[in-house]
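# Sequence and predicted structure, then a few things I'm wondering about:
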Amino acid sequence: MKTAFKLLNEVADIIMGQSPSSQTYNTEGHGMPFFQGKTEFGEVYPTAVKWCSEPKKIAIPGDILISVRAPVGPTNLAKEECCVGRGLAAIRPRSDMIDRDFLWYFLQLSERILAEKGQGSTFEAINSDDLRSMKIPHLLLEDQRRIAALLKAQLAEVKKVREAAKAQLKEIQVLLARFWEGCLDELKDAPREPLGNLLTGIEAGKSIKTTELPAQPNELGVLKVSAVTWNEFQPQEAKAVYAGYEPETRHRVQRGDLLISRANTRELVGAVVRVSKDYFLRLLSDKTLRLMVDETRVEPKYLLNVLRWPEARSYIESHATGTSDSMRNISQVTIRDIPVPIVPRDLQVRIINRIDAFSSETTKMKKAVKSVQAHLGLLPQKLLSQVFETN
């Protein structure tokens, strides 16, 4: 038998949000919790960061809160009386017509459809008519409750596996920390030399006028500071250069370059990466420097890892300048003075090999866990589809 449907406004009351006067907002907890949009949403319930003393539209405990402005479709449940701004609507199920959890799960399944409706406007949004006209499966209340209970149990199992995957990633980070501690112990008594003694020079990029558009792979682009992080070099993090510019060869990014960022957040200023291949369409900026390693004294990969260890990081962060943590700077003098533990070349090579082997194993472990996480991310929608399609 074909499933019957009813319109959402036949089974629930729909309260479109309305933002009160900004003069009635506060962050001290006076008045009613005020939710403006998806930003405050959690996994199930929103978290208040603002309150309102003169609410215009109110949701009550048990209402379904749905985002009606970009991003359209995400939902949460109201756990207390709250003020809803224009980025949200409150859906209040009529208990004699529809089970709240059944409706909530169906709305989760319908998130993509709602998002597509919102894309037709200049600003991504849906209105009250879009919500009222939504078709909702019309089943006996006992069947709705059975379906909701089934989904609740299945989604709880998915959550358990997700939490186990998160715990595995944390365990991998603990293993990495212990491994680095072992490497540092091996170097604790080694003499230190300033980084500058191990370089033949430092080459700076150039401040070049660019567009605000990201550089495509086949376009000339100047590196942004985000191209140099704690992982691999990110060549896609570049701004396109205006046509006709002819760069100097030394400004092009090349295989084997050891790059350091002289400006970034406190955590990322002084980040280093080693470039694995030529990127002749990528140019050093004035904020990315090339460390020219004296390979008669030190292995580049050894230096890469030493500059990422706590001793070097502590030195860099303590010598970075700037009034804001969102943008700190280090000078070439500071870079040259970074203390580097010096050990014989054969020990440098052994340390590199151990790091490579351990990193390879932990990378495989991370990839396996993240693959599981990606699958789990898709699973709730698959479960919702299966359950609603078979009932």
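Nice, thanks for sending it over.
# can you tell me the distance between the two ends of stretch 243-252?
End-to-end distance for stretch 243-252, by Cα to Cα, to the nearest Å: 16 Å.
# pLDDT of it, averaged?
Averaged across stretch 243-252, pLDDT comes to 90.
# Now do the buried residues in it.
Residues Pro247, His251, Arg252 are the ones in stretch 243-252 that count as buried (16 or more other Cβ atoms under 10 Å). To be clear about C-beta, it is placed using only N, CA and C from the backbone, and glycine gets the same treatment.
# now the first one: how far from Pro217?
Right, the one you point to is Pro247. 17 Å (Cβ to Cβ, to the nearest Å).
# Then the second one?
In this structure, His251 and Pro217 are 18 Å apart, going by Cβ to Cβ.
# Could you name the helices and strands sitting against the longest helix along the chain?
In terms of residue count, the longest helix belonging to the chain (DSSP state H) is helix 141-187. The contact analysis (3 or more Cβ pairs under 8 Å, 6 or more residues apart in numbering; DSSP states H and E) places helix 141-187 against helix 100-109, helix 310-319, helix 345-389.
# Need those helices in a markdown table (columns: distance to Glu40, mean neighbour count and mean pLDDT).
As requested, those are exported to a markdown table (distance: least, Cβ to Cβ, whole Å; neighbours: other Cβ atoms under 10 Å; pLDDT from 0 to 100):
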| stretch | distance to Glu40 | mean neighbour count | mean pLDDT |
| --- | --- | --- | --- |
| helix 100-109 | 17 | 21 | 95 |
| helix 310-319 | 33 | 15 | 92 |
| helix 345-389 | 21 | 14 | 87 |
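# Please identify which of these is closest to Gly205.
When these are compared by Cβ to Cβ, helix 310-319 sits nearest Gly205, at 19.1 Å.
# The closest one: how far from the chain's middle?
25 Å (Cα atoms, centre = their mean, to the nearest Å).
# Check which helices and strands the helix or strand of the chain with the lowest mean pLDDT sits against.
Lowest by mean pLDDT, DSSP states H and E among the helices and strands of the chain is strand 321-324, with a mean of 82. With contacts taken as 3+ Cβ pairs under 8 Å, 6+ apart, strand 321-324 sits against strand 327-329.
# So which other helices or strands are in contact with the strand it packs on?
Secondary-structure packing of strand 327-329 (3+ Cβ pairs under 8 Å, 6+ apart): strand 263-264, strand 321-324.
# could you redo the last one with a cut-off of 6 Å?
strand 321-324 (3 or more Cβ pairs under 6 Å, 6 or more residues apart in numbering; DSSP states H and E).
# Show me what the strand it packs on pairs with in its sheet, parallel or antiparallel.
strand 327-329 (antiparallel) (DSSP bridges).
# Quick one: distance of the helix or strand just after the partner strand to the chain centre.
Per DSSP states H and E, the first helix or strand lying C-terminal to strand 327-329 is helix 332-337. With Cα atoms, centre = their mean as the basis, helix 332-337 stands 32 Å off its chain's centre.
# which of the residues in helix 332-337 are buried?
So helix 332-337, judged by 16+ other Cβ under 10 Å, has buried residues Thr334, Ile335.
# ok, and what's touching it?
Applying Cβ atoms under 6 Å, 6 or more residues apart in numbering, the contact partners of helix 332-337 are Pro194, Leu195, Gly196, Ile202, His319.
# Report pLDDT for the nearest residue to the third one once chain neighbours are set aside.
If the residues on either side of it in the chain are set aside, Gly196 comes closest to Arg336, at 3.1 Å by Cβ to Cβ, 6 or more residues apart in numbering. On the pLDDT scale, Arg336 is placed at 96.
# Check the spacing between Arg336 and Leu291 real quick.
From Arg336 to Leu291 the distance is 10 Å (Cβ to Cβ).
# how much space between Asp325 and Tyr315?
Distance from Asp325 to Tyr315, by Cβ to Cβ: 17 Å.
# could you give the mean pLDDT of the longest helix of the chain?
Rounded mean pLDDT across helix 141-187 is 89.
# so after that helix, what's the next helix or strand?
strand 192-194.
# That following strand packs against which elements?
Here strand 192-194 touches strand 339-341, going by 3+ Cβ pairs under 6 Å, 6+ apart.
# for the record, mean pLDDT for the strand it packs on?
95.
# Just list what it packs against, helices and strands only.
Judged by 3+ Cβ pairs under 6 Å, 6+ apart, the packing partners of strand 339-341 are strand 192-194.
# ok, now with 8 Å
Secondary-structure packing of strand 339-341 (3+ Cβ pairs under 8 Å, 6+ apart): strand 192-194, helix 300-306, helix 310-319.
# ok, and what's touching that strand?
187, 190-195, 198, 298, 303, 306-307, 311-312, 315 (Cβ atoms under 8 Å, 6 or more residues apart in numbering).
# Direction included, what does that strand pair up with?
With DSSP bridges as the test, strand 339-341 pairs up with strand 192-194 (antiparallel).
# after the partner strand comes which helix or strand?
strand 199-204.
# Grab the nearest non-local neighbour of Glu28.
Nearest in space to Glu28, with sequence neighbours left out and distances taken as Cβ to Cβ, 6+ apart, is Trp51 at 7.2 Å.
# Who are the contact partners of that neighbour?
Tyr25, Asn26, Thr27, Glu28, Gly29, His30, Gly31, Met32, Pro33, Phe34.
# Could you pull up the residues touching the third one?
Think Thr27. Listed by Cβ under 8 Å, 6+ apart, the contact set of Thr27 reads Val49, Lys50, Trp51.
# Need the per-residue pLDDT for it.
Note for Thr27: predicted pLDDT of 92.
# Please report how far it lies from Pro20.
Counting by Cβ to Cβ, the gap from Thr27 to Pro20 is 15 Å.
# now the fifth one
According to Cβ to Cβ, Gly29 stands 16 Å off from Pro20.
# These two: which is more packed in?
When neighbours are counted by other Cβ atoms under 10 Å, Gly29 and Pro20 differ, and Pro20 comes out ahead with 18 against 9.
# I figured Lys56 hits Ile15, correct?
No - between Lys56 and Ile15 there is no contact under Cβ atoms under 8 Å: 10.3 Å.
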